[in-house]
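**Student:** Sequence first, then the predicted structure, then my questions.
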Number of protein chains: 2
Amino acid sequence: MEDAPTGRQARRRDAAATREAILRSALIAFTGHGYDGVGVREIANAAGVTAMLVNRYFGSKEQLFAEVVEVAFAERTLIADDVESLSRFAAAALVAAEPRSVDGFLLMLRSVANPRATEILRAAIDTHFQLPLQALLPGAQAHERAALFLSVLAGVRLMQQVLGSSALATADAPALERRLRPLFDLLVHPPADAEPP
Amino acid sequence: MEDAPTGRQARRRDAAATREAILRSALIAFTGHGYDGVGVREIANAAGVTAMLVNRYFGSKEQLFAEVVEVAFAERTLIADDVESLSRFAAAALVAAEPRSVDGFLLMLRSVANPRATEILRAAIDTHFQLPLQALLPGAQAHERAALFLSVLAGVRLMQQVLGSSALATADAPALERRLRPLFDLLVHPPADAEPP
DNA sequence: GCGTGGCGTCTACAGCTGTAGACATCGACA
DNA sequence: TGTCGATGTCTACAGCTGTAGACGCCACGC
């Protein structure tokens, strides 16, 4: 079997399609190995293209990464649209996470070592997750609770998918979901935040 | 001013001290930039030593990293010894985390992109955190709850220190701690886990 | 004082990285 | 059918990486 890059002989000098192929190849590669773990040649090869063409279309590896981040965070299936569904959605997404999924959180977790990638990721998370989520949360200190909500999301994802914690791998889905729900609920619904005078 | 590596002129051909200097330099560098973000020459230079000496003492960069991980996870100030203090300790440690701290979690968060580093880190976390913690937790499914406990710890740490979430940076310490405590409590104390038959 | 064994460095080597300019080739339009 | 712009490739270059062997040098024991 040949290496079969993503639709090599099907595409014949189509600039838009080539750009899309590179972007998709980069998304998969960056998500799987992180910003520093992937070379431009590797991305180009998987897209059936030369390394130089990547820089022609995207300017540099860093700019390519920025576009990849934007694509990865565009479809945010983790954040529900209404407050009542937030916890259920998040918990369900966590227990259903497949090891080969390519969402933005996985991309972030493997790329935060690089300072430039981190800066891009911070901005993207702020725009696509933090701000919409804190706008959705009722009660006081919504920005703080939204950040913690995302922290739990990222932390569980890190342990079960990136680090490969055996405890989270062997746990059956319904039980894990029953544990996660109240955790998120605690952050969604502000618990009578009376400060002691 | 000269670059002043860690005690250069103070140490004169002392094998144990040199080894220790390299180990400490590597700990700081790996924690700050991750496994792939640091070169052997950089570590050696900060220790006032040549790159080759690093491999002489530790065999390879990977083995050096393994020793660094062991050192970083040896002093686990995040996990209390008794069940009652667990939540308080964890919450307090999170709000008191300084940007330049060098604990194992930070080291992990910036090195999980590399597969070999990940394998080393997974084993270390299992030994130094997961196993002691799940042995301490009362009730059913302690391993699962311990893993989630560590997930929250790692996730918050990631957001506030590695990614630099502004929401967690501007939050004042007491309020943040009051939010974190019940989160950990929910995982420490099993909430009447009656399964519907 | 002097040899000797450990401690440390110098030079080097493949291999990889991101990026740049010059060159080739396809395909649509005249 | 011929041509020219767009699309893609080739060669190359500094710079970095981890690792290896050969060599210098200091301090201690005789």
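**Tutor:** Ah, there it is.

**Student:** what sits against residue A:180?
**Tutor:** Neighbour list for residue A:180: A:87, A:90-91, A:94-95, A:156, B:148 [criterion: C-beta atoms under 8 Å, 6 or more residues apart in numbering or on different chains]. C-betas here are computed from N, CA, C, even on glycine.

**Student:** Now it: which helix or strand?
**Tutor:** Using DSSP states H and E, the element containing residue A:180 is helix A:173-188.

**Student:** Isn't residue A:37 up against residue B:116?
**Tutor:** No. Between residue A:37 and residue B:116 there is no contact under C-beta atoms under 8 Å: 11.2 Å.

**Student:** Between these two, which is the more surrounded one?
**Tutor:** Counted by other C-beta atoms under 10 Å in any protein chain shown, residue A:37 and residue B:116 do not tie: residue A:37 has more neighbours, with 18 against 13.

**Student:** how would you label that one: helix, strand or coil?
**Tutor:** With DSSP: H, G, I helix; E, B strand; the rest coil as the basis, residue A:37 sits in coil.

**Student:** picking that back up, pull out the buried members of the contacts of residue A:180.
**Tutor:** With burial judged by 16 or more other C-beta atoms under 10 Å in any protein chain shown, the buried subset of these is A:87, A:90-91, A:94-95, A:156, B:148.

**Student:** near DNA strand D, which residues of chain A?
**Tutor:** A:11, A:13-15, A:18, A:48-53, A:56 (C-beta under 7 Å from any atom of the strand).

**Student:** which of these lies closest to residue A:41?
**Tutor:** Nearest to residue A:41, judged by C-beta to C-beta, of the residues of chain A next to DNA strand D is residue A:51 at 4.3 Å.

**Student:** could you list every residue that touches that closest one?
**Tutor:** With C-beta under 8 Å, 6+ apart, residue A:51 has these contacts: A:40-41, A:43-45.

**Student:** tell me, which of those make contact with DNA strand C?
**Tutor:** Counting by C-beta under 7 Å from any atom of the strand, A:40-41 from these sit close to DNA strand C.

**Student:** out of the contacts of residue A:51, which is most surrounded?
**Tutor:** Top of the contacts of residue A:51 by neighbour count (other C-beta under 10 Å): residue A:43, with 25 neighbours.

**Student:** quick revisit: quick one: which of the contacts of residue A:51 sit in strands?
**Tutor:** For these, not one is inside strands, with DSSP state E as the criterion.

**Student:** need the contacts of residue A:51 in JSON lines with distance to residue A:165, can you?
**Tutor:** Below are the contacts of residue A:51 laid out as JSON lines (distance: C-beta to C-beta, whole Å):
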{"residue": "A:40", "distance to residue A:165": "32"}
{"residue": "A:41", "distance to residue A:165": "33"}
{"residue": "A:43", "distance to residue A:165": "29"}
{"residue": "A:44", "distance to residue A:165": "34"}
{"residue": "A:45", "distance to residue A:165": "33"}
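
**Student:** Return the closest of the contacts of residue A:51 with respect to DNA strand C.
**Tutor:** DNA strand C lies nearest to residue A:40 out of the contacts of residue A:51, by C-beta to the nearest atom of the strand, at 3.7 Å.
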